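Structure, please.
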Amino acid sequence: MKQGAQGSAGTGEPWSAVSAGQARVPRQAGAAGVDGAVRGEHTHGEPALPRTRPVVQRSSVRGQIVDALRAALVAGDLRPGEVYSAPVLGERFGVSATPVREAMQQLAIEGAVEVVPNRGFRVVERGARELAELAEVRSLIEVPVMLRLARTVPAERWAELRPLAEATVRAASAGCRATYAESDRVFHRAVLSLSGNEQLVQIAEDLHRRAQWPLVGGGPGGRGRADLVADAHEHTALLDALIARDLDVVRGLVGEHFTGAG
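Modelled structure (predicted):
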């Protein structure tokens, strides 16, 4: 592991992204100790114990780790180019290396990290060109959909999304990039869900998430509070344009929003 990665994951102080959204993930409790059959003991006549806890808890732990790692990526706590091992990250979260390894495999599928044999996972280094390409793809997919929705969705449906837009403004004002990133995705997902096309929503959310990862040497992960607030206010402006069915303003706002990786 690189020295920088060891310092990030082994200090004993919780990452801001993790402590804000996840706190500490509890260790898994083994079920074998309470199930005599697992130890080879006879259990004739004894009532069967429910065996759902290990499955549910395992899934929950893995999901929590995935969410925490995504937040750490957005916040810049997992730095591009650095290698992180599952055992060290497991110590940070208070779990074994196994759910961390599984969570990292999910991030590898999403393109956030890459496997480094016998070492761990390296955070993918991204440049401005990739961000521009993501913005272009998002525009090609979402602009036509939003223009169609602007023509067909009644004003009262758009008004129902106002609390979500306002939530992004509050998150941006607080200055937490990870919290803002999540509220930003929730708003965009709600807008696109009005299309009724779940495949579109999933693809758009994947592109959106990738656009929020920090660039090498700066980028979205390094934006200050003022940038986040300006980005968030574009959500309320977009709702106003959608309610007014002002297609030119909708087109311009969406394009500008994607350029800023919001």
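
use CA for all of it now, contacts and neighbours both
OK.

can I assume Val115 sits in a strand?
Yes. Applying DSSP: H, G, I helix; E, B strand; the rest coil, one finds Val115 inside a strand.

Can you tell me the closest non-neighbouring residue to it?
Closest residue in space to Val115, ignoring its immediate chain neighbours: Phe121 at 4.6 Å, by Cα to Cα, 6 or more residues apart in numbering.

Sheet partners, orientation included, of the helix or strand hosting that neighbour?
Phe121 is located in strand 120-123, with elements delineated by DSSP states H and E. Strand 120-123 sits in its sheet next to strand 83-84 (antiparallel), strand 113-116 (antiparallel), going by DSSP bridges.

for those strands, which one ends up most surrounded?
When you average the neighbours per residue for each of the strands paired with strand 120-123 (mean count of other Cα atoms under 10 Å), strand 83-84 leads with a mean of 24.

name the helices or strands packed onto the next helix or strand after that one?
Using DSSP H and E, the helix or strand that follows strand 83-84 in sequence is helix 86-93. When contacts are defined as 3 or more Cα pairs under 8 Å, 6 or more residues apart in numbering; DSSP states H and E, helix 86-93 sits against helix 3-9, helix 97-110.

Pull out the buried residues from stretch 113-127.
Counting neighbours by 16 or more other Cα atoms under 10 Å, one finds that the buried residues in stretch 113-127 are 113-115, 120-126.

what does the next helix-or-strand element following the strand holding Phe121 rub up against?
Downstream of strand 120-123, the next assigned helix or strand under DSSP H and E is helix 128-152. With contacts defined as Cα atoms under 8 Å, 6 or more residues apart in numbering, helix 128-152 is touched by 192, 194-195, 204, 207-208, 210-211, 215, 219, 242-243, 245-247, 250-251, 254-255, 258-259, 261.

lowest-pLDDT helix or strand in the chain?
In the chain, the helix or strand scored least confidently by mean pLDDT, DSSP states H and E is helix 16-21, which has a mean of 37.

do you know how far the residue nearest to Val115 is from Thr98?
Phe121 is 14 Å from Thr98, where distance means Cα to Cα, to the nearest Å.

same thing with Arg157?
From Arg157 across to Thr98, the span is 44 Å (Cα to Cα).

Ignoring the adjacent residues along the chain, who's closest to Leu247?
Leu147 (6.3 Å).

What's the per-residue pLDDT of the one you found here?
Note on Leu147: pLDDT of 94.

Then Glu166?
95.

so it is in which element?
Following DSSP H and E, one finds Glu166 within helix 162-174.

What helices and strands are in contact with that helix?
Applying 3+ Cα pairs under 8 Å, 6+ apart, one finds that helix 162-174 contacts helix 177-193, helix 225-244.

Among those helices, show me which one is buried the most.
Neighbour counts (mean count of other Cα under 10 Å) averaged over each of the helices and strands packed on helix 162-174 peak at helix 177-193, with a mean of 20.

Tell me which residues are up against that one.
Residues from elsewhere that reach helix 177-193, judged by Cα under 8 Å, 6+ apart: 17, 21, 71-72, 74-75, 142, 145-146, 161, 164-165, 167-168, 171-172, 200-201, 205, 208-209, 212, 221, 228, 232, 262.

need the next SSE after it, C-terminal direction.
The C-terminal neighbour of helix 177-193 among helices and strands, as given by DSSP H and E, is helix 198-212.

Let me know whether Arg62 touches Met104 as I believe.
No. In this structure, Arg62 is not within contact of Met104 by Cα atoms under 8 Å, at 9.6 Å.

Settle it for me: which of these two has more neighbours?
Taking neighbours as other Cα atoms under 10 Å, Arg62 and Met104 compare with Met104 leading, 27 against 21.

Where does pLDDT dip in the stretch 151-262 of the chain?
Counting by pLDDT under 70, the low-confidence segments of the stretch 151-262 of the chain come to 215-223, 259-262.

again, 80 this time
Within the stretch 151-262 of the chain, the stretches with pLDDT under 80 are 214-224, 255-262.
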